[in-house]
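Engineer: after the sequence you'll find the predicted model.
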Protein chains: 2
Amino acid sequence: MNSYLWIPLAGSLLSLLTGLFFATRITRLPVEHPAVADIGGHIQAGATAYLNRQYRTLALVALVLFVVLAVVPGLGLTTALWFVIGAVLSAAAGYIGMNVAVRANMRTAMAARKGLAAAFRVAVQGGAVTGLMVVGLGLLGVTALVWLTGAENNSALVGFGFGASLISVFARLGGGIYTKAADVGADLVGKVEAGIPEDDPRNPAVIADNVGDNVGDDAGMAADLFETYAVTAVAAILLGLLTPQFAGDARFVYFPLLLGAVGIVSSIVGVLATPPARPGAIMRALYQGALASGIVGTIGFFAVTRWLGLDMNLFYASLIGLGVTVAMIIITEYYTSANYRPVQNIAHASQTGHATNIIAGLAVGMRSTAVPALVIAVAILLAYNLAGLYGVAIAAMAMLSLTGIIVTMDAYGPITDNAGGLAEMADLEDSVREVTDQLDAVGNTTKAVTKGYAIGSAGLAALVLFASYVEELGKAGVEALAFDLGDPYVLAGLLIGGVLPFLFASMSMEAVGRAAFDVVEEVRRQFREIPGIMERKAKPDYGRAVDIVTRAALREMVLPGLIPVLGPIVVGLALGPKALGGLIVGSIVTGLFIAIQMTNGGGSWDNAKKYIEMGHYGGKGTEAHAAAVTGDTVGDPYKDTAGPAINPMIKIINIVALLIAPIVASLWL
Amino acid sequence: MNSYLWIPLAGSLLSLLTGLFFATRITRLPVEHPAVADIGGHIQAGATAYLNRQYRTLALVALVLFVVLAVVPGLGLTTALWFVIGAVLSAAAGYIGMNVAVRANMRTAMAARKGLAAAFRVAVQGGAVTGLMVVGLGLLGVTALVWLTGAENNSALVGFGFGASLISVFARLGGGIYTKAADVGADLVGKVEAGIPEDDPRNPAVIADNVGDNVGDDAGMAADLFETYAVTAVAAILLGLLTPQFAGDARFVYFPLLLGAVGIVSSIVGVLATPPARPGAIMRALYQGALASGIVGTIGFFAVTRWLGLDMNLFYASLIGLGVTVAMIIITEYYTSANYRPVQNIAHASQTGHATNIIAGLAVGMRSTAVPALVIAVAILLAYNLAGLYGVAIAAMAMLSLTGIIVTMDAYGPITDNAGGLAEMADLEDSVREVTDQLDAVGNTTKAVTKGYAIGSAGLAALVLFASYVEELGKAGVEALAFDLGDPYVLAGLLIGGVLPFLFASMSMEAVGRAAFDVVEEVRRQFREIPGIMERKAKPDYGRAVDIVTRAALREMVLPGLIPVLGPIVVGLALGPKALGGLIVGSIVTGLFIAIQMTNGGGSWDNAKKYIEMGHYGGKGTEAHAAAVTGDTVGDPYKDTAGPAINPMIKIINIVALLIAPIVASLWL
């Protein structure tokens, strides 16, 4: 093991230790309010129960796949083992992060008694645990992979990526269905039928709703970003290894790992440099942390490039990655924050009713895809012209090296959201809810930012992922296969690949609808069969509601989750390697746009509602507000289920294509 | 001129004469009810005034482009002249068809007094005028082009297509914005604020609403289908001319024209073979007519292939085109008719409110893209394997040869819709409204069918259009340029091309919103400033409302309409021919899905509302119905503005790429 590997190893351990440090610090904070501790305990238990059950289900799937991978010729036991390692690490990132999040929520609510700054610090540090676990475990896994297999074993790398992707697509889907089914179900009966406010403890689904924030927005998100990080790193390493011009020069293999190490230091600095939030400047404080990360990252990338004696063009390529990150943040902020025209236009359109609110939101979502597409296209061309395909891979890796700080900002969201729920349910002072509301208000934007960031990196890495596929075919003896747009098989693949995200998104949305229906039925049943709930004389059966959402989410995640697994297998076997190549690119092209449309559109609807609640156009209780609530509800499965699950879905398609490439090649050529 | 050309020439004249015959027959029918004649006259005047103004505006644009085309080296006066001919014929198809439609509506209302069968016949024959004008002028133009230029002048063909496309994108957009701005505007103030029913003569925008059906669903649709027909025929002829294996064999040039002639005979037979409609079997009667067309077409295609002595594989390729038509009709019917699960699910979801209705409708729209994508991909592969690229072109041409009967079914819609409006406004007996309601109920499906058909043919022809582009580059001296998916310029082009339909659709939807707002303001003003409207003591100023929508639609169509013109120019000049090739394919891939999603989604929302109005889930006046109305309103700009305009938009992108290919090639290579 050489010094190039010690550094990323040390970096990943530093990340895990810092995460552990924050975790200990937070869990040691006392929760001195019995009701908060009690309700928080329910949320904690529900979330853990869900994850346990989800991972038990997935463990079975993984076991089957382990056997399949182990016996398929050309893959074998090593691939199967790394598949398991990828899956376990992906699951662990979500598991640990979420376990801290369900504790940080209570502490944030308690700290809110002392004021905004104190609560903000707890929430940020709680989020940082998830963020640092994701990058720490991600870099650890990839470094170990390079170290132990010498990065020579292509299929071990692919197996690792497959494991991570498999967990992430189901975690995103299952978590996303859970959180929105509980949310929509609770709102439909609670707010609409029974007329009780959100987070009211009389609502039997209220705990499930809060559990959902954790299993969806924290654990699901963490698995997704772990996978994005791991797959991109693996792809960059493969290119460093296999690009003919680099022949034998190991520096190109280690460079992505070193960028990862720099990113970890930057993320830790960013968390520590995040200043205390002041009222009205919360997003600003988070951005200051991110900016500190970016500056440290830039310096570090420069140092690493110099130290390895690599061409400065590679440093510029890494800056392109940072540039895309900044651009995606600004674009997302513009389209989803209540401070700008798009969200205000939706709020304005709400005055003329539900339909005009929806039309405006749909239009904003669609329009918000334009600049990201342009940014990504230009970034690909710039990076390619600087340093070829490897330059594009480095730009993507540089972009994702900041995952630590980005996930911190994202995981901050469900913690403050839960803290607000706890304040409401435990009947804390109004000042607490005011603080958590302020903290939570920026959560929609930070959540949208991460999703745009994840899918944006997938777009940036599209060329690299496609190149890996061509590489796999090459290893299987298929050289110089042309994937020309004028080839009918390529076009057929593009069309079929392009339709998969549409099908996947529609099935995910319908899954939420069915699962929410189960929740509605259960809540109605409890109101009917348990007398005294409304008068606060009897407690609803929270556990049963949690149980029902759990089962519904696990049931509903299967069918959409199969699309990206079966799609490439069927197309590859039936139509051959050219169509399979087209399918990869087609799924990325439409997937990128649908994901951005859904996550930005959903975020903008949510904040348009908040904008009206701030008192515009008459505020709460008006027709405009009712219309905005409709938009928000439509946006829920958009932004929290279907949209974010598209990124891992695309990755699964890619990885499955890599896995079956040798078989397809042997059948067709 | 040889016999191969006489036949299509005779076919096109037969089509025009038959159209004229139906037109004369309809306009000779008396309108014996003064109120119907009066209101119908208002609609007629408003529609004509709009088209005149729209075409005047476009004439100016065309004049500028004429000069540009005439002076640009490599294009010249011939191209510019054929550009004008394409534009004039496209405009004429819409103009003549609509002029008969605004007369057929009154006659349909009058015939409805005699019963369903009589009214149905008038509406179908009225629609047939538009249908036969579209194919008659289309085939006439293309035949003349081949005859006069010997099909040797590539750029004359492209010029012709450009003229047709230019008119069609603006006619679809302008008409689509007009019809939905008037519809939404009239509904928002009339139904929602003033509480008066649809088509109530007290609503100042009621005439504009009925005008909209004609300028959007008839004239706009006709221009669109004219362009689709012309561009596909041109592309097939080009391939017949330029495919090296066919060298000098003129039969391949004339074959597409002969298919067109067969299609015209089939369409006329289909119209004549449409049986009288019986209650509950209206759609069935229309399908019987279409089936007759299909059978005659099949026999005719066989005869033509035999007569020319061509390979039978070309006959099979033409059958694939017919197969895609049948498939698109069945799929559209399934997703948009109240008889099947998708629409019923939306109706069911309406019970839990506006948001669940919207989510269900969005999901149906997205899901409805899957089977069409698969059908088109398989059709491309089959046709290609049968007879190469030319086989794909023949499949597309065979599909579009049936345009006559398909447009007849579509144009039937606005006529019956208007007839219902006239019955309401002129206060005819209830039995009349009952008849027109039955006739109109299938209009949503027939309208959706045509849109799916048009965009489906664009998908089928995608490979052919791309090949034309490669051909143009070849003529400019660029040989064997590879458009590999792994090339960053191709990928960047795919991404930018893929985002254009999203941007275009969102801008079109916002345009409807702004134009509708103008209508809302005007209707409110009239209610406020003209006393006695509500008591029927004073007449509203219909003309001013018509005038305001006219101006708003013309103003709003410009910006979205520029996207497909400027997009390829900017990308071609800035990023070169590979990116431009990617842009063509990218716009087709996402455009296909968005168009299908929007037109099917919109149709399903509309019919879900109608399903509830038939008495399900409590019928009118319930919360479920209110939610379904929201879905219907959201679906309006989806299915009647943005969705259908995507097909001409894609074509413009293609044609502009062809036009600038030589310039791009000289700059970049």
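Structural biologist: Thanks, I have the structure now. Numbers count the residues shown, from 1 in each chain, chains lettered A, B, ... in the order given.

Engineer: switch to C-alpha atoms for all contacts and neighbour counts from now on
Structural biologist: OK.

Engineer: so what's the residue count around the residue of the stretch 101-250 of chain A found nearest chain B?
Structural biologist: Going by Cα to the nearest Cα, chain B is nearest to A:Leu188 of the stretch 101-250 of chain A, at 7.4 Å. Per other Cα atoms under 10 Å in any protein chain shown, the neighbour tally for A:Leu188 reads 23.

Engineer: now swap in A:Leu238 and tell me
Structural biologist: Neighbour count for A:Leu238, taken as other Cα under 10 Å: 25.

Engineer: again, but for A:Asp484
Structural biologist: Neighbour tally, A:Asp484, other Cα under 10 Å: 20.

Engineer: roughly how far apart are it and A:Ala657?
Structural biologist: Remark: distance between A:Asp484 and A:Ala657 (Cα to Cα, to the nearest Å) = 18 Å.

Engineer: ditto for A:Ser337
Structural biologist: A:Ser337 is 38 Å from A:Ala657, by Cα to Cα.

Engineer: per-residue confidence at the nearest residue to A:Pro342 once chain neighbours are set aside?
Structural biologist: Leaving out its chain neighbours, the residue that sits closest to A:Pro342 by Cα to Cα, 6 or more residues apart in numbering or on different chains is A:Tyr335, at 5.7 Å. Note for A:Tyr335: predicted pLDDT of 96.

Engineer: following the chain onward from the host helix or strand of A:Tyr335, which element is next?
Structural biologist: Element membership of A:Tyr335 [criterion: DSSP states H and E] is helix A:312-336. Where DSSP H and E defines the elements, the next helix or strand beyond helix A:312-336 is helix A:341-349.

Engineer: let's see that next one as CSV, backbone CA atoms only.
Structural biologist: The C-alpha coordinates for helix A:341-349 follow below in CSV (Å, rounded to 0.1, in the frame of the first residue of the first chain):
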residue,chain,number,x,y,z
ARG,A,341,-40.2,35.2,-9.6
PRO,A,342,-41.0,31.5,-10.4
VAL,A,343,-42.4,30.6,-6.9
GLN,A,344,-44.1,34.0,-6.7
ASN,A,345,-45.7,33.4,-10.1
ILE,A,346,-47.1,30.2,-8.8
ALA,A,347,-48.4,31.9,-5.7
HIS,A,348,-49.9,34.6,-7.9
ALA,A,349,-51.6,32.0,-10.1
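
Engineer: ok and it relative to helix A:312-336, angle-wise?
Structural biologist: 10 degrees (axes from the mean of the first three to the mean of the last three Cα atoms, to 10 degrees).

Engineer: remind me which residues of chain A are low pLDDT?
Structural biologist: For chain A, the stretches with pLDDT under 70 are A:1, A:151-153.

Engineer: helix, strand, or coil at the residue nearest to the spatial centre of it?
Structural biologist: Of all residues in chain A, the one closest to the mean position by Cα atoms, centre = their mean is A:Met221, 3.5 Å from it. Following DSSP: H, G, I helix; E, B strand; the rest coil, we place A:Met221 in the helix state.

Engineer: now it: closest residue in space, sequence neighbours ignored.
Structural biologist: Counting by Cα to Cα, 6+ apart, A:Met221 lies nearest to A:Arg172, which is 6.3 Å off, once chain neighbours are set aside.

Engineer: helix or strand for the one you found, just tell me which one.
Structural biologist: Assigned by DSSP H and E, A:Arg172 falls in helix A:154-186.

Engineer: distance from the chain centre to the helix or strand just after that helix, please.
Structural biologist: Per DSSP H and E, the first helix or strand lying C-terminal to helix A:154-186 is helix A:206-212. Relative to its parent chain, helix A:206-212 has a centroid offset of 19 Å by Cα atoms, centre = their mean, to the nearest Å.

Engineer: ok, residues contacting helix A:206-212?
Structural biologist: A:39, A:42-44, A:46-47, A:175-176, A:178-180, A:182-183, A:186, A:199-200, A:418, A:421, A:542, A:545-546, A:549 (Cα atoms under 8 Å, 6 or more residues apart in numbering or on different chains).

Engineer: next: stretch A:320-336.
Structural biologist: A:294, A:340-343, A:364, A:368, A:371-372, A:375-376, A:379, A:382-383, A:394-399, A:444-445, A:448-449, A:452-453, A:456, A:600-601, A:603-605, A:607.

Engineer: list buried residues within those.
Structural biologist: With burial judged by 16 or more other Cα atoms under 10 Å in any protein chain shown, the buried subset of these is A:294, A:342-343, A:364, A:368, A:371-372, A:375-376, A:379, A:382-383, A:394-399, A:444-445, A:448-449, A:452-453, A:456, A:600-601, A:603-605, A:607.

Engineer: much appreciated, bye for now.
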